[in-house]
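A.B. asks: Got a sequence here, can you build the structure:
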Amino acid sequence: MLTKNCGILALACAKSNTLLWATIVNPLITMEGVSLMLLSRLPTSLSEWPTLLSGSPCWQLVLDGLQPVPSSLAASWLVLFGKGVGASHLARLAPLLAEQGVTATLYPPTEVADVPLLLLGCDRFSPDLVAELKSGEWEIDLCHLPALPTLSEPGLLVMDMDSTAIRIECIDEIARLAGVGDQVAAVTAAAMQGKLEFSDSLRNRVALLEGAPVTILDEVAANMPWMPGLQLMVDTLKGAGWKVAIASGGFTRFAGQLQRELGLDAIFANELAVEGEQLSGQVSGRIVDASVKAEVLQQLGQEYGIAAAQTVAIGDGANDLKMMGVAGLGIAIHAKPLVRAQAAATLNHHDLEGVLCLLAARACSKQRWDLR
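C.D. replies: As a prediction, this is how the structure comes out:
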């Protein structure tokens, strides 16, 4: 008997009670009870995958395809997200996994902040795989992580301000208005790349601002562009019961404004000293440098009773690395090469909505392909 179903031509031989499958257009190939879904045949739209893959509870990524397995893996994670994420990225990923001896299973897809997302659970965490992924050029963001915080439990997020929560370096803008923009910008760039010690570089830059009118700060604050996704990220985290704070090597004038407008739980930043109506060229009090940022994250975690695994640090510069190192998850956003190389997760193609992608990803692990 010849039947045609979903693009598969089946020939049943009554005498031998065997079934010979020949693939016409459908990627499902059956051979001795083993099914393989060819990656090349998966639809472009992720929304079509659950129906196509509903025949098995779980699927393991293998070379060229997905193979049904009875259970999923969850010892570590691979998160892929971005417009156009799909089978081609899995096809590129599969040989890298095989090369490193990592086994991965694919969870049903989702969409976070209008960004398509795929989550894979792995049998182990591989630093070598991380290095491979970071060395390649991808048009999506993808991260291999030993652990993922979740929005289903209380958490703490501490972020840098300049070039992270906002799209500018405030000290560079102040310097530009004060007529010393080029000198200060050059030092800022070197400090963020880790070429200069942060505290000394900050004092040197602030010294160049001596005599500038205090009103310059108001002008910068009035034109302070938020990083796209900032409001959505903060609102989503607060709605999930998370605490959100800023730990910045920038200045309290700007961090305080963000705290008022966003409802942040805490801010830690530097205070520009003022004499009369002018900047004195000095910083008041202890400078918020890399070590202080790390202390802030740990201090707030203890104060709010947040498990270390549920803490997140976000930044773009070298002075954020210590904070990222003590967090449950460190995320580099549009970061300098040094920071991208050392951060656990990197956002190269997304703004702060990418943070939500990472924090919402683990929810996929609660889903099965055959129960959707």
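
A.B. asks: Residue 339 and residue 314: what is the separation?
C.D. replies: Using CB to CB, to the nearest Å, one gets 11 Å for the distance from residue 339 to residue 314. (Each C-beta comes from the backbone N, C-alpha and C, glycine too.)

A.B. asks: Now the common contact residues for those two.
C.D. replies: By the contact definition CB atoms under 8 Å, 6 or more residues apart in numbering, residue 339 and residue 314 are jointly contacted by 320, 332.

A.B. asks: Looking at these two, which has the bigger crowd around it?
C.D. replies: residue 314 (28 against 24; other CB atoms under 10 Å).

A.B. asks: hey, what's the nearest residue to the more buried one once chain neighbours are set aside bridged with?
C.D. replies: For residue 314, ignoring the flanking residues on the chain, the nearest one in space by CB to CB, 6 or more residues apart in numbering is residue 159 at 4.2 Å. Counting by DSSP bridges, residue 159 is bridged to residue 246, residue 314.

A.B. asks: Please look at residue 159 and residue 317 and confirm they touch.
C.D. replies: No - if you go by CB atoms under 8 Å, residue 159 and residue 317 don't touch, sitting 11.9 Å apart.

A.B. asks: of the two, who's got more company?
C.D. replies: Set side by side, residue 159 and residue 317 give different neighbour counts by other CB under 10 Å, the larger being at residue 159 (28 against 25).

A.B. asks: Can you tell me how far that one is from residue 71?
C.D. replies: Distance of residue 159 to residue 71, given as CB to CB: 37 Å.

A.B. asks: which regions of the protein lie under the pLDDT threshold?
C.D. replies: 1-34, 372 (pLDDT under 70).

A.B. asks: what are the ranges of the helices in it?
C.D. replies: Taking DSSP state H to define them, one finds helices in the chain at 49-52, 87-100, 127-135, 170-178, 181-192, 198-207, 215-222, 230-239, 252-262, 290-304, 321-326, 337-342, 353-360.

A.B. asks: Next one: the closest residue to residue 318 other than its chain neighbours from residue 229, what distance?
C.D. replies: Ranked by CB to CB, 6+ apart and with sequence neighbours excluded, the top spatial neighbour of residue 318 is residue 194, at 3.3 Å. Per CB to CB, residue 194 is found 26 Å from residue 229.

A.B. asks: do residue 239 as well
C.D. replies: Residue 239 sits 15 Å away from residue 229, taking CB to CB as the criterion.

A.B. asks: Of those two, which one has the most company?
C.D. replies: The neighbour count for residue 239 versus residue 229, taken as other CB under 10 Å, is higher for residue 229 (20 against 9).

A.B. asks: what residues are up against that one?
C.D. replies: If a contact means CB under 8 Å, 6+ apart, then residue 229 has 113, 350-356 as its contacts.

A.B. asks: I'd like to know how far it sits from residue 122.
C.D. replies: As it turns out, when the distance is counted by CB to CB, residue 229 lies 27 Å from residue 122.

A.B. asks: Residue 109 is in contact with residue 46, correct?
C.D. replies: Yes - using CB under 8 Å, residue 46 is in contact with residue 109, at 4.0 Å.

A.B. asks: Quick check: neighbours shared by those two?
C.D. replies: With the criterion set as CB under 8 Å, 6+ apart, the overlap between the contacts of residue 46 and residue 109 is 116, 118.

A.B. asks: of the two, who's got more company?
C.D. replies: For residue 46 versus residue 109, the count of surrounding residues by other CB under 10 Å is larger for residue 109: 22 against 18.

A.B. asks: okay but the more buried one is in contact with residue 49, surely?
C.D. replies: Yes - Residue 109 is in contact with residue 49 according to CB under 8 Å; the separation is 6.0 Å.
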